[in-house]
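In: Attaching a predicted model along with its sequence, questions to come.
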Amino acid sequence: MAPYRADPTLALACPRCGATLRPRPLGDTSIQQCQSCRGVLVDPRTLSRITDALDLGGEVRSEYPREVRAEPASGPMYLKCPRCAGLMSRRLFAPGAKVVVDQCAAHGTWFDASELRAVADFAAGGGLERAASEEAASRRARQAAAGSGARLSGELPLPASDGHDDAWPGLLSELFTWFRRDDD
């Protein structure tokens with residue numbers, strides 16, 4: 001593994017095509033952009049600002065043209081982080097976004113040429129809120145299904161606890177109910 005390159009004066013290589021990444025100003029910060037393939041590396045803090053239409057999201061939407069990429073980006077399928085050379089994870093940016101990004105949890109997210117604008121548009125259109133709402137509904141449905149499945153299989157459901165010992169009376173009540181059910 002290559003050493004971590006925290007020094008901003010050290011050149012970073014594009015994980016897609018190998019060209020040198022150059023800082024590109026964006027508001028009061030900057031992102032690393034490849035002049036050859038036009039992909040960008042965005043650190044986690046800046047990414048959260050880009051997904052805010054009232055912060056850097058508006059600037060991305062005005063500075064980056066909307067492009068329709070007809071063919072997938074050439075180069076390796078799985079990219080290495082330009083900072084630590086660790087393999088980046090490929091993942092859907094958010095449910096409904098239709099953008100697959102490459103992410104190093106510690107150092108940032110790689111966006112191919114048209115992807116940064118697509119993510120800024122998605123966020124500005126309420127996509128992140130819809131994705132969070134759908135995820136919460138899905139989580140509730142899974143919890144409800146897990147709870148009903150436990151009762152159907154005869155397993156004892158454990159009451160939810162906020163970390164205090166006040167869950168014991170509820171647990172004891174559930175135990176007595178469960179044992180009484182077996183006596184019938």
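Out: Nice, thanks for sending it over.
In: What segments of the protein are helices?
Out: Counting by DSSP state H, the chain has these helices, from start to end: 44-50, 58-63, 115-124, 127-152, 168-183.
In: and the protein, what are its domains?
Out: Domain ranges of the chain: 12-128, 129-183, per automatic domain parsing.
In: Find the one among these with the highest mean neighbour count.
Out: Among the domains of the chain, domain 12-128 has the highest mean neighbour count (mean count of other Cβ atoms under 10 Å), at a mean of 17. The C-beta positions use only the backbone N, C-alpha and C, and glycine is treated the same way.
In: so where is this protein shaky, pLDDT-wise?
Out: Counting by pLDDT under 70, the chain shows low-confidence ranges at 1-9, 67-74, 148-184.
In: mind running it again at 90?
Out: Where the chain drops to pLDDT under 90, the residues are 1-11, 51-77, 95-98, 114, 123-184.
In: separation between Cys17 and Ser36?
Out: 5 Å (Cβ to Cβ, to the nearest Å).
In: Identify the residues contacting the closest residue to Leu92 other than its chain neighbours.
Out: Leaving aside its chain neighbours, Leu92 sits nearest to Val100 (5.8 Å; criterion: Cβ to Cβ, 6 or more residues apart in numbering). Contacts for Val100 (Cβ atoms under 8 Å, 6 or more residues apart in numbering) come out as 90-93.
In: again, 10 Å this time
Out: 72, 90-93, 112, 115 (Cβ atoms under 10 Å, 6 or more residues apart in numbering).
In: I'd like the residues you listed laid out as CSV, including distance to Gly57.
Out: As requested, the contacts of Val100 are arranged in CSV below (distance: Cβ to Cβ, whole Å):
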residue, distance to Gly57
Pro72, 25
Arg90, 23
Arg91, 20
Leu92, 19
Phe93, 14
Asp112, 18
Glu115, 14
